[in-house]
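Here is my input; please provide its structure:
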Amino acid sequence: MSVPHGLPVRPTTDRARESIFNILETRLDLNDLNILDLFSGTGSMAFEFASRGAASVCCVDADHRCIKHLKDTQTKFEFENIDIIKSDVFKYLKHRDMGYDLIFSDPPYDLPNIESIAELVFENGFLNPNGLLIVEHHSKTILPKNEFYLEERVYGQSSFTFYKAPPLS
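Numbers count the residues shown, from 1 in each chain. Here you go, the predicted structure:
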């Protein structure tokens with residue numbers, strides 16, 4: 001997928017995206033999952049999830065140029081299972097609309113409050129039982145290892161921190 005010039009994005013690299021999907025496919029069946037893509041940017045992850053059979057993918061981004069690109073791409077490839085929301089992610093995470101099986105978050109690496117993403121997701125019940133949260137961040141950034149922390153994978157300057165919601169009790 002080509003990225004229009006001037007978008008304020010740093011798309012997940014092909015190598016990292018392939019690695020993430022290899023990890024996910026060994027842990028869960030992507031078919032029929034409800035997925036939330038935070039800081040969607042170009043939508044490369046969202047469109048990959050949709051093409052692999054996700055029941056629904058909700059994209060959230062605040063930049064109007066990214067939203068336009070997401071909508072144009074959705075139309076071009078006729079993805080009916082993608083919902084696109086223009087919103088500040090932190091405001092969005094304060095108003096839960098539904099539970100998700102998987103949340104992928106790829107914020108700008110210089111975002112000052114990146115560590116609060118996991119806190120907001122769990123505090124506001126965005127993940128279904130056993131759901132996964134994956135936060136992409138610069139490898140120099142250390143995210144909290146709270147009770148939901150699962151693991152971290154490093155791919156050069158990019159790291160992915162995995163969190164898991166507890167099962168139903």
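
contacts, neighbours, all on C-alpha from now
OK.

Run through the strands of the protein in chain order.
Using DSSP state E, the strands found in the chain span residues 34-38, 56-61, 82-86, 100-105, 127-138, 149-155, 158-164.

Least confident secondary structure element in this protein?
Lowest on mean pLDDT, DSSP states H and E among the helices and strands of the chain sits helix 14-27, with a mean of 88.

Which elements pack onto it?
The contact analysis (3 or more C-alpha pairs under 8 Å, 6 or more residues apart in numbering; DSSP states H and E) places helix 14-27 against no helix or strand.

Give me the residue at the spatial middle of this structure.
residue 104 (1.8 Å; C-alpha atoms, centre = their mean).

May I have the residues that are in contact with that residue?
35-38, 133-136 (C-alpha atoms under 8 Å, 6 or more residues apart in numbering).

gap between it and residue 116?
14 Å (C-alpha to C-alpha, to the nearest Å).

now do residue 90
9 Å.

So between those two, which is more surrounded?
A side-by-side neighbour count of residue 90 and residue 116, using other C-alpha atoms under 10 Å, places residue 90 first with 15 against 12.

hang on, the earlier thing: using neighbour counts, trim the contacts of residue 104 to the buried set.
Buried by 16 or more other C-alpha atoms under 10 Å: 35-38, 133-136, out of these.

got CSV for those residues, with pLDDT and distance to residue 55 too?
Listed next are those as CSV, based on pLDDT from 0 to 100; distance: C-alpha to C-alpha, whole Å:
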residue, pLDDT, distance to residue 55
35, 97, 8
36, 98, 11
37, 98, 13
38, 98, 17
133, 98, 17
134, 97, 19
135, 97, 21
136, 95, 23
